[in-house]
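J.: what follows is a protein structure lacking sequence information:
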């Protein structure tokens, strides 16, 4: 801490951050003693509540991976599906996240719904579900999204907008000629949970935190964490 602040001097923080409020609520209480046996079920319960409360884009999540140097990398993407304790998202194998997952197949997903004061943190091993699953996911997307995915250049340096538009026009032409066309590098990834945390905010900061951990016997154990 700045010495001037310790002695009651001027606040040296950027003025943009002064006076900002957080976690004001009101938020619904969460009962930590009536829980399903597995985290995937609790996630879906919370997800349904988010939909009922009209949370915008509740399926948007931060995916965190690790690069070859061990440095964390993160970006927001869309959760595609949940089955049991397996969570699905999609990307190209040639993208930065795709390459990182191939080298180190572990990741974390983080959801935050501020109007409900809820955060969900998921961790586990990621597997490639294969070319067929990836193709099916890609075909379910709109034409423009498919054309972008089929470029296969995500995260690479772009020279100009004109270069992008020309490449997209070529891919649109491909899709017009063959509506079933896909890129073999598109993948649906499966995150199999081994740890999950559900966080319910409380305005007085005595937040409720529940952690699920997969035991060595393959059973889920859960309990409270300190705020």
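T.: Cool, the structure landed. Quick caveat: nothing in here was measured; it's all calculated off a predicted structure.
J.: okay, buried residues for the lengthiest strand in the chain please.
T.: The longest strand of the chain (DSSP state E) is strand 186-200. Using 16 or more other Cβ atoms under 10 Å as the test for burial, strand 186-200 gives 186-191, 193-194, 196-200. (C-beta placed from N, C-alpha, C; glycine too.)
J.: what's the closest of the residues you listed to residue 145?
T.: residue 186 (10.8 Å; Cβ to Cβ).
J.: so how far is residue 120 from that closest one?
T.: As judged by Cβ to Cβ, to the nearest Å, residue 186 and residue 120 stand 26 Å apart.
J.: likewise residue 10?
T.: Distance from residue 10 to residue 120, by Cβ to Cβ: 39 Å.
J.: show me which of these two is the more surrounded one.
T.: More neighbours surround residue 120 than the other of residue 10 and residue 120, with 20 against 8 (other Cβ atoms under 10 Å).
J.: where's residue 43, which helix or strand?
T.: helix 39-52 (DSSP states H and E).
J.: quick check: mean pLDDT of that helix?
T.: Averaging pLDDT along helix 39-52 gives 98.
J.: other residues contacting that helix?
T.: If you take Cβ atoms under 8 Å, 6 or more residues apart in numbering as the criterion, helix 39-52 is touched by 35-36, 58-59, 82-87, 113, 116, 118, 120, 122, 193, 196, 198, 210, 212, 220, 222.
J.: now the helices: where do they sit in this structure?
T.: 3-6, 39-52, 96-103, 131-139, 143-151, 161-177 (DSSP state H).
J.: mean neighbour count and distance to residue 30 for the ones you listed - can I get that in JSON lines?
T.: Shown next, in JSON lines, are those (neighbours: other Cβ atoms under 10 Å; distance: least, Cβ to Cβ, whole Å):
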{"stretch": "helix 3-6", "mean neighbour count": "10", "distance to residue 30": "35"}
{"stretch": "helix 39-52", "mean neighbour count": "16", "distance to residue 30": "9"}
{"stretch": "helix 96-103", "mean neighbour count": "18", "distance to residue 30": "31"}
{"stretch": "helix 131-139", "mean neighbour count": "17", "distance to residue 30": "33"}
{"stretch": "helix 143-151", "mean neighbour count": "17", "distance to residue 30": "35"}
{"stretch": "helix 161-177", "mean neighbour count": "12", "distance to residue 30": "45"}
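J.: rebuild these as TSV, extending it with distance to residue 75.
T.: What follows is the helices of the chain, written out as TSV (distance: least, Cβ to Cβ, whole Å):
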stretch	distance to residue 75
helix 3-6	34
helix 39-52	20
helix 96-103	7
helix 131-139	18
helix 143-151	15
helix 161-177	19
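J.: so for residue 67, which of those helices sits nearest?
T.: So among the helices of the chain, helix 96-103 is nearest, using Cβ to Cβ, at 5.7 Å.
J.: so how far is the closest one off the chain centroid?
T.: 15 Å (Cα atoms, centre = their mean, to the nearest Å).
J.: got it, and stretch 123-141?
T.: Its chain's average C-alpha position is 15 Å from that of stretch 123-141, according to Cα atoms, centre = their mean.
J.: cool, and stretch 52-60?
T.: Distance of stretch 52-60 from the chain centroid (Cα atoms, centre = their mean) equals 13 Å.
J.: could you give me the buried positions within it?
T.: 55, 58-59.
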